[in-house]
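> build me a model from this:
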Amino acid sequence: MSSDNTKKDKSFSGGENGNITDDLSTSRDSGKDKNISANFDDKKNTGKLSGEAVNDAAQNNTDGADNNGKIESRENVSGDEKFSDTGFIDENSSIFTAPTIKAQKKKRNSKKSRIIKLIIAIIVMLALVAAAIGIVLIFGESGGDDVSSSSSSDASISVKAVSASDISRVEVHNQYGSYVISAAGDSSSEDNSSDNSSGSGSSSSSSSDDLSWKLENVDERIPIDDEVIAGIPEAAAVVNAQRKLADSAESLANYGLDNPEITIKVTLKNGEEYTISIGNATSIDSGRYIQVSGDDAIYLSESGYEETFDTSTTYFAELVIVSALEESSTYSKYFSSGELIGYDSIKLSGSIYPQPVELAFTPDDALIAYQVTAPISDAANEVTAVDILSPLSGSLYASETYVLSPDAATLSEYGFDNPTSVVEYTIKDVYLKVTVGKADGDGYYAVMINDIPAIYKVSEANIDFAMYSTDDIYYTSILVESISDIQSITFKTPDNEYLFELEHTSTTTTDEDGNTDTKTDIIVRYNGAEISSVDFRTFYQHLLLMKSVEAVPSDVPDTEPEYVLTLTHVDSSVSDTVIKFTKYSSRRYIAEKQGGRQLCITSDTVNAYVTYIQNLINGEEVPEP
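Below you'll find the predicted structure:
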C-alpha cells in the first residue's frame, strides 16, 4: 500500500489529468469541441470559395495576358510550342527563318472579377473575427481554458497579502480530509477532526522566521518536519495570481468554485478571517481558478499553488526517522576516529531469526571486539556488527509516511503483528528500537521506530542492517583465538591422537638509551620432542583460515565425528575449545563447536589440514596458506 503523497513529488491530482470533473464540466467541454470544429469548418469553406473564385478568374483570362504580357495559363497551348517572354511563336515560322513574334494583347481583369475578390477578402476577415469572438465566449465565462484576460501584464497580481506572523490558525480541507495548523501556544484554535489523527498535536518551529507552529489532532510523539509545516501558513499569507479572469462570475460552478476542491480558512490573531477557494484546473494555462473571500473576482492562480495545500497529515511527518548519535564526552568510548563503532548491547529478533541474536562489544577482553552472546557464544563478524549500527552511526531515512496513529487492524495489515525483524540498541542512556513489518513488493518495507505511532515507508537498501541472517552475524572462520593464548592442541582421528604442547617464552633486551624491547616466542613439542615452531605457526594459520563456505544444511546426520580438535588455554579459567568434524558428503564436512554452532567446511580444507599434521610430525615443511 502506498500513501497519498510524497515529499519527492509534491504534485497531487484529484482526478484524471489532475482535475476533478463532473457531468456539467464534461458536457461543457464537449460543447467547446463542437464550437471549435464549427469555426474550423467555416474557415475551410471560406478557403474553398476563395479558391473557386480564383479559378474562375483564371479561366476567364486563359486566352489573355497580364499587364506584362505574360501567359497566365498553358491549358490551350499544344504539344511542342515554345514560349518567349513576350508572346507566342507564329505558326508560319520555321527553323530556317527567324520566328515571327506576335505580341499578346493586354486585357484588363473584368470589374466582376475584382468585386468577387473583394467579397472573398471581406468574408475571410469576418470569419476570423467571428472565430475570435466565439473562442472568447466559449473559454471565458464557461470556466474552461482561459485565453482572455482583463490584464495583459505578465507580472503576478497580489490578491491577498498578510504577514505569516499575524496568522493564528490555518484550516485546510482537501481530497484527503482536513488538517489544522495553529501558532504554537495559541489557545484560540478550535477542535477539528483530521484524517488518521489522534492525540493533542505536534509542534514545530520554523527556523526561517522563528515562528512556531502546531499540527493539531496529531499525536505529540510523532516528529513533524519544521520546514514543511511552516510552508502552509506562509503560503496562505500571500496569495498571488497570474491574472484576473473576471471581476465577478454569474456561476461559480463554471470555475469549480461552488464546491471548491481545496479551501483554506485563515484566522488572524486580531480575529479577522478570510477563505481561499481553489477550483478547477485549466488545460491551456498552468494554474487553478481561485477566489478569496471579500473579493468577487476570479483569478488564475500561480502554477502549483494548490500543491502546497493538497496533502494529508502524513505529509508533515519528519522523514529522518533516526538521527545519528553524535560524539561527545558521554559517548567517547563508543567512537573511534569520529566513527561510532561500539554499543552496550544489540538484540535482533523477528520472523527471520529462529532464535533471538544478541551481541556485545568487548574491545578490551577479546581478540575480536564484537561477540555474539546468544543463541550461541562466539565471535561476531566485525563488518556485519558495525553495519548493524548504521542507523545510529549514519541516520535512517524514510521515503514517506504510510499512516499516522494506526489502529490494531492497520498494524496487522502492515505486518507488525508478526514483524520481519526487530533490532534493539542500547548505548549508555540511548535506547532505539527499529521494527520492520511487511515488504510492499516494490523494494520498500513498513517500519516503525520505538513507540512512535507512525508507519514509515523505507527502502530495502536502507534497512539492510536489520536483515542479516544468523550465520551472517557470526564470524566466518572456525577459530579466532590468538596462538599466544593456546596451551595445547590435540587432533584426534579414527586411528590416532596427536598432541602438540606449546611453551610460551619472552626475551627482553635494553638498548644504549635504556629502551626495552620484549619479544615473545613459542616452543612446540610433539610427544615430548621439539618440532619447528615456524611450521607450527603456519599450521595454526591454516586453522584460523578454515571458514564456512555456505549455510549448514538442515539434514545433518547425528553421527559420530570423524575428527575432533581440542584446544586448551594458558588461562585455565577459560573453557576448552572443542571442534568436531562430521562428514556430510564427499565435498563437505560439518564442523560443530561447543555450544552447538555449526559451520559448513569443504572436504579439501579438512583433508589438507590432516596432511599438514603429518608434515609437522615428519619434520616436513607446511606450505603457506
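
> drop to CA atoms for contacts and neighbour counts, all remaining ones
Fine.

> wait, what's in contact with the residue lying closest to Pro223 once chain neighbours are set aside?
Leaving out its chain neighbours, the residue that sits closest to Pro223 by C-alpha to C-alpha, 6 or more residues apart in numbering is Glu318, at 5.5 Å. Contacts for Glu318 were tallied using C-alpha atoms under 8 Å, 6 or more residues apart in numbering; they are Pro223, Ile224, Asp225.

> same thing with Pro391?
With contact taken as C-alpha under 8 Å, 6+ apart, Pro391 is in contact with Val322, Ser323, Ala324.

> among those, which ones are in strands?
Assigned to strands by DSSP state E, the following of the contacts of Pro391 qualify: Val322.

> most surrounded residue in the contacts of Pro391?
Neighbour counts for the contacts of Pro391, by other C-alpha atoms under 10 Å, peak at Val322, which reaches 19 neighbours.

> quick check: bridge partners of that residue?
Leu396 (DSSP bridges).

> how close does it sit to Ser303?
Taking C-alpha to C-alpha, to the nearest Å as the measure, Val322 falls 35 Å from Ser303.

> now swap in Val570 and tell me
From Val570 to Ser303 the distance is 78 Å (C-alpha to C-alpha).

> cool, and Glu220?
When Glu220 is compared with Ser303 (using C-alpha to C-alpha), they lie 34 Å apart.

> for Ser351, same thing?
Ser351 sits 48 Å away from Ser303, going by C-alpha to C-alpha.

> do Ala155 as well
To Ser303, Ala155 is 13 Å away according to C-alpha to C-alpha.

> and what of Gln175?
Taking C-alpha to C-alpha, one finds Gln175 at 19 Å from Ser303.

> point out where the stretch 301-450 of the chain drops to low pLDDT.
For the stretch 301-450 of the chain, the stretches with pLDDT under 70 are 365-366.

> strands of that one, start to end?
Assigned by DSSP state E, counting those that start in this stretch, the stretch 301-450 of the chain shows strands spanning 320-322, 335-336, 339-340, 345-349, 357-361, 370-374, 378-379, 396-397, 400-404, 421-427, 430-439, 444-449.

> likewise the stretch 101-250 of the chain?
Shown for the stretch 101-250 of the chain, the strands assigned by DSSP E, counting those that start in this stretch span residues 101-103, 157-161, 167-174, 177-183, 201-206, 211-216, 238-246.

> what mean pLDDT does the longest one get?
Read that as strand 238-246. Averaged across strand 238-246, pLDDT comes to 94.

> cool, and the second one?
Over the span of strand 157-161, the pLDDT mean works out to 95.

> residues touching Gln541, list them.
Contacts of Gln541 by C-alpha under 8 Å, 6+ apart are Pro625.

> tell me which helix or strand it sits in.
helix 533-544 (DSSP states H and E).

> what about the following helix or strand past that helix, distance to the chain center?
Scanning forward in sequence from helix 533-544 by DSSP H and E, the next helix or strand is strand 563-569. Between the centre of strand 563-569 and the centre of its chain there are 52 Å (C-alpha atoms, centre = their mean, to the nearest Å).

> any weak-confidence spans in the stretch 51-200 of the chain?
Low-confidence segments of the stretch 51-200 of the chain (pLDDT under 70): 51-114, 129-154, 185-200.

> would you say Ser585 is within a strand?
No. Judged by DSSP: H, G, I helix; E, B strand; the rest coil, Ser585 forms no part of a strand; its state is coil.

> what confidence value was assigned to it?
For Ser585, the pLDDT comes out at 94.

> in the longest strand seen in the chain, what's buried?
In the chain, with assignment by DSSP E, the single longest strand is strand 497-510. Residues Phe500, Glu501, Leu502 are the ones in strand 497-510 that count as buried (16 or more other C-alpha atoms under 10 Å).

> tell me the bridge partners for Thr275.
With DSSP bridges as the rule, Thr275 is bridged to Lys265.

> that one contacts Ser293, doesn't it?
Yes. The criterion here is C-alpha atoms under 8 Å, and Thr275 meets it with Ser293 at 5.3 Å.

> name the nearest residue to Ser301, ignoring sequence neighbours.
Spatial nearest neighbour of Ser301, chain neighbours left out: Ala241 (4.3 Å); criterion: C-alpha to C-alpha, 6+ apart.

> separation between the one you found and Phe316?
26 Å.

> report the beta-bridge partner residues of the residue nearest to Ser301.
What pairs with Ala241, by the bridge criterion (DSSP bridges), is Ile157, Ser301.

> ok, Asp364 - contacts?
Taking C-alpha under 8 Å, 6+ apart as the definition, Asp364 has no contacts.

> how close does it get to Ser168?
Where Ser168 is concerned, Asp364 sits at a distance of 58 Å (C-alpha to C-alpha).
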